[in-house]
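K.L.:
Could you work out the structure for the sequence below:
(one chain, ligands or ions: 1)
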Amino acid sequence: MHEARTTCPYCGVGCGVTACVDNDEIVEVQGDPEHPANFGRLCVKGSALHETLGHHGRLTRPIVDGVETDWATALETVAKRLTEVREAQGPKALAAYLSGQLLTEDYYVANKLFKGFLGTPHLDTNSRLCMASAVAAYKRAFGADAVPCRYEDIEEAEVVVLVGSNLAWNHPVLYQRLRTAKQRNPLLRVVVIDPRVTDTCEIADLYLGVKPGSDARLFNGLLAWMAERDRLDRVYLERHTKGFEEALAAAREGDGSLEAIAADCDLDPERLETFFYWFASHLHVVTLYSQGINQSSSGTDKCNAIINCHLAGGKLGVPGAGPFSITGQPNAMGGREVGGLANQLAAHMDYDTPGARDRVARFWATDGLTPELPQGPGHKAIELFEAIERGEVQALWIMATNPAVSLPEANRVRAALEACPLVIVSECMADTDLLRYADIVLPASSWSEKDGTVTNSERCISRQRGLLPPPGEARHDWWIITEVARRLGFGEAFAYAHPGEIFDEHARLSGFENAGDTPDEGRRLFDISGLAGLDRAAYDALAPIQWPVTAAAPRGTPRLFEDARFATPDGRARLVPVRPRGPEQVLSEARPLRLNTGRVRDQWHTMTRTARSPRLMNHRAEPFIEIAPEDAQAYGVDDQQLARLVGAGGGEYRGRVRLSKGQRRGEVFVPMHWSDRFSGAARMGGLLAAHLDPVSGQPESKHGAVGLEPL
Ligand code: SF4
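P.N.:
I've put the predicted structure just below:
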């Protein structure tokens, strides 16, 4: 028996895990006492990790056209069919759809193959559904997709604002840290802004049951309130920002009275003013926001409305302060780092980053190979499936995600997959809703088998270590991609023997031609060149570290913007004028209820792993529809009765009614996890229409419109 350190594969907190390994089995897991994300804590999901393992139900052999085969045949077939589509239709007929579950090394080689050598820009990820609006807003405000805070800031704050985040269920260890901080410091105030009363409210000093979609109006109101009461940091605004007057003018449009803002947000004016006063009168304020803000057709604006308030009060770059986006997935951040979004190129460089295309092409070139990088961005997730539907994209490689369940208008997505001439799926499990659409299935390794790195919500890079051999012929994603690249003739550029070599290349690319003190001189914020050149032993032993990691900051950078210099050409942050917009999915006579969606505490995504633990299934064993008792009565349904929701996404959702006094009137909540595999018809994606944020391309998953009827 031996102990090994790794990282939890679930949420964006990124907790360190110590696993007890005995004879190729993990018999126990505990929180790693030395990992800076959790210092020994784990939540229920994390502590049940060893209960979800085992070879039962795993994919163990490649499958081509429904027939099991060997790897050589499968890899040759993938390469041959991708080549045929590329030659017949051009590079833009190829696409990849990745996942925040992949490790950074997997992401890196996939991005390099598709954008660098196959020449298609169409590589996107399910992280588009999770945090794309937060990314876009950080870029608009700071000139870079850069989370300014670290977790300790939450503990050092005087006020913590949780908006659009059920932290207690979705980032439980961060919630535990906040709860402990509050016990230690009773003066720490917690504000929860959420349409639903959730378990997170247990530690709230102030709860604002905001009307869905009105967050931008609320934070615009806060900005105007701060200006009127002279609660701005004028010196900070003057020296370090631009755009304040324009942002304030937008915030002041319409009726700016407290009563009018409260009415628009459906809040009590006194409680609203208490929040404004607490926010404005403390320097050390952290605003934590998550999918409740991001999953909106105006998610980027909502994020910027929050950031505007922090900039206006100088509440960032100091301990216990900052606008802090918490990612949903374990490696949504790592995917962003390698360029795993369709609007990115590589290493946090976009297509419009000066010199980026040439720089990346030169870096990826070998003696015999010249990369052919696309000229501009590709299709973001929803647009990608629309392009498949139109027949423009003819070959799609999906890795570690299940768009047949999770995307809005899921039935349309399924039809697009059905019609797509070539669908390749890399997957761990033998039974998912997606596999029926796959022409080629590639068995992938899973958590506890995979070896590489992930980056959590506070920019902390951690090792996820391979502790067990994969079952049967399952292989690591980076290996599969690399072997296909070799068969496509790009072997020279993909000559990796170990994920440590990929990480080294990724680290070198982040620092390649990244000199100077300002962005004008070529400085890019994402730089981990200080981690380049690690040998195998050093990579294996890599301790958690927050980027940037450079020669000047060899121990990493816990907090950004302490010097108030931002990654914009002039070094100043930008306040963005925000004009609030309501949800695009409109209520109607047939669909009069506002639909909210989200996770439950003990499940993860489409439950392929967590459903294997009876302990985790005990928490919520079946799909449900949460509704206010008054609405239940009006719609003729009782607690525990089966009911049906119908939505604009072309599908329906059947679940058991749960009466909840914490649910606002006129609204329902359903969990996102269930699919055809576990229930006849409880796919959240079938209820939602595909309305997107125009800047980030993130779908409006929090604001559906549905009808309800008893079964
Ligand atoms: Fe895993 Fe998140 Fe729980 Fe930590 S909080 S143990 S990362 S699921």
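K.L.:
Only C-alpha atoms from now on, for both contacts and neighbour counts.
P.N.:
Fine.
K.L.:
Up against the ligand, what does this protein have?
P.N.:
Where proximity means C-alpha under 6 Å from any ligand atom, the interface of the chain facing the ligand comprises 8, 10-11, 13-15, 42-43, 45-46, 171-173.
K.L.:
rerun that using 8 Å as the cut-off
P.N.:
7-17, 31, 37-38, 41-47, 170-174, 330 (C-alpha under 8 Å from any ligand atom).
K.L.:
Show me which of those are buried.
P.N.:
7-17, 31, 37-38, 41-43, 45-47, 170-174, 330 (16 or more other C-alpha atoms under 10 Å).
K.L.:
sorry, back to before: among the residues of the chain next to the ligand, which are in helices?
P.N.:
Among the residues of the chain next to the ligand, the members falling in helices (DSSP state H) are 44, 45, 46, 47, 170, 172, 173, 174.
K.L.:
My read is that the third one contacts residue 7, right?
P.N.:
Looking back up the chat, that one is residue 46. No. Using C-alpha atoms under 8 Å, residue 46 is not in contact with residue 7; the gap is 9.5 Å.
K.L.:
contacting residues for residue 303?
P.N.:
133, 134, 137, 293, 294 (C-alpha atoms under 8 Å, 6 or more residues apart in numbering).
K.L.:
and stretch 484-492, how far apart are its ends?
P.N.:
Start-to-end span of stretch 484-492 (C-alpha to C-alpha, to the nearest Å) is 12 Å.
K.L.:
Mind listing what's buried along it?
P.N.:
484, 485, 486, 487, 488, 490.
K.L.:
Equivalent analysis for stretch 329-339, please.
P.N.:
Applying 16+ other C-alpha under 10 Å to stretch 329-339 flags 329, 330, 331, 332, 333, 334, 335, 336, 337, 338, 339 as buried.
K.L.:
Assign residue 597 to helix, strand or coil.
P.N.:
For residue 597, the assignment made with DSSP: H, G, I helix; E, B strand; the rest coil gives strand.
K.L.:
beta partners of it?
P.N.:
residue 670 (DSSP bridges).
K.L.:
now residue 573
P.N.:
residue 241.
K.L.:
so what does the top helix by length along the chain touch, helix or strand wise?
P.N.:
Determined from DSSP H, the single longest helix within the chain is helix 71-89. Judged by 3 or more C-alpha pairs under 8 Å, 6 or more residues apart in numbering; DSSP states H and E, helix 71-89 is in contact with strand 63-64, strand 94-98, strand 440-443, helix 477-485.
K.L.:
And residue 695, how far from residue 145?
P.N.:
14 Å.
K.L.:
Can you tell me which residue of the stretch 451-600 of the chain sits closest to the ligand?
P.N.:
Going by C-alpha to the nearest ligand atom, the ligand is nearest to residue 456 of the stretch 451-600 of the chain, at 8.6 Å.
K.L.:
neighbours around that residue, how many?
P.N.:
25 (other C-alpha atoms under 10 Å).
K.L.:
Likewise for residue 372?
P.N.:
Taking other C-alpha under 10 Å as the definition, residue 372 ends up with a neighbour count of 18.
K.L.:
show me what contacts it?
P.N.:
Here residue 372 is in contact with 115, 116, 117, 118, 119, 361 (C-alpha under 8 Å, 6+ apart).
K.L.:
Can you name every helix or strand that the lowest-mean-pLDDT helix or strand in the chain contacts?
P.N.:
None of the helices or strands of the chain scores lower by mean pLDDT, DSSP states H and E than helix 403-406, at a mean of 84. Helix 403-406 sits against helix 410-419, with contacts defined as 3+ C-alpha pairs under 8 Å, 6+ apart.
K.L.:
ok now the helix it packs on, how far from the chain's centre?
P.N.:
Put simply, helix 410-419 sits 23 Å off its chain's centre (C-alpha atoms, centre = their mean, to the nearest Å).
K.L.:
Please tabulate the helices and strands packed on helix 71-89 in TSV, including the columns distance to residue 669 and mean pLDDT.
P.N.:
TSV is the format used below for those (distance: least, C-alpha to C-alpha, whole Å; pLDDT from 0 to 100):
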stretch	distance to residue 669	mean pLDDT
strand 63-64	38	98
strand 94-98	27	97
strand 440-443	34	98
helix 477-485	35	98
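K.L.:
show me where the stretch 351-500 of the chain has strands.
P.N.:
Here the stretch 351-500 of the chain has its strands, by DSSP state E, counting those that start in this stretch, at 395-399, 422-427, 440-443, 452-455, 460-464.
K.L.:
Quick check: the gap between the residue in the stretch 301-450 of the chain positioned nearest to the ligand and residue 61.
P.N.:
The minimum distance from the stretch 301-450 of the chain to the ligand, using C-alpha to the nearest ligand atom, falls at residue 330 (7.0 Å). Computed as C-alpha to C-alpha, the residue 330 to residue 61 distance reads 27 Å.
K.L.:
The closest residue to the residue of the stretch 301-450 of the chain closest to the ligand other than its chain neighbours: what's it in contact with?
P.N.:
Computed as C-alpha to C-alpha, 6 or more residues apart in numbering, the closest residue to residue 330 that is not its neighbour in sequence is residue 12, at 4.4 Å. Counting by C-alpha under 8 Å, 6+ apart, residue 12 touches 171, 326, 327, 328, 329, 330, 331, 332, 456, 457.
K.L.:
How many neighbouring residues does residue 452 have?
P.N.:
With other C-alpha under 10 Å as criterion, residue 452 counts 23.
K.L.:
correct me, but it touches residue 101?
P.N.:
No. Counting by C-alpha under 8 Å, residue 452 stays clear of residue 101, with 11.8 Å between them.
K.L.:
What number of residues are in the vicinity of the closest residue to residue 494 other than its chain neighbours?
P.N.:
Distances taken as C-alpha to C-alpha, 6+ apart put residue 482 closest to residue 494, at 5.7 Å, once the chain neighbours are dropped. By other C-alpha under 10 Å, the residues close to residue 482 number 22.
K.L.:
same question, residue 391
P.N.:
Neighbours around residue 391, by other C-alpha under 10 Å: 15.
K.L.:
So that it lines up with my notes, have the first residue be 24 from now on.
P.N.:
Renumbered: residue one is now 24, and that last one reads residue 414.
K.L.:
Surely it touches residue 440?
P.N.:
No. With contact defined as C-alpha under 8 Å, residue 414 does not count as touching residue 440 (10.5 Å).
K.L.:
Leaving aside the residues adjacent along the chain, what's closest to residue 342?
P.N.:
residue 176 (5.6 Å).
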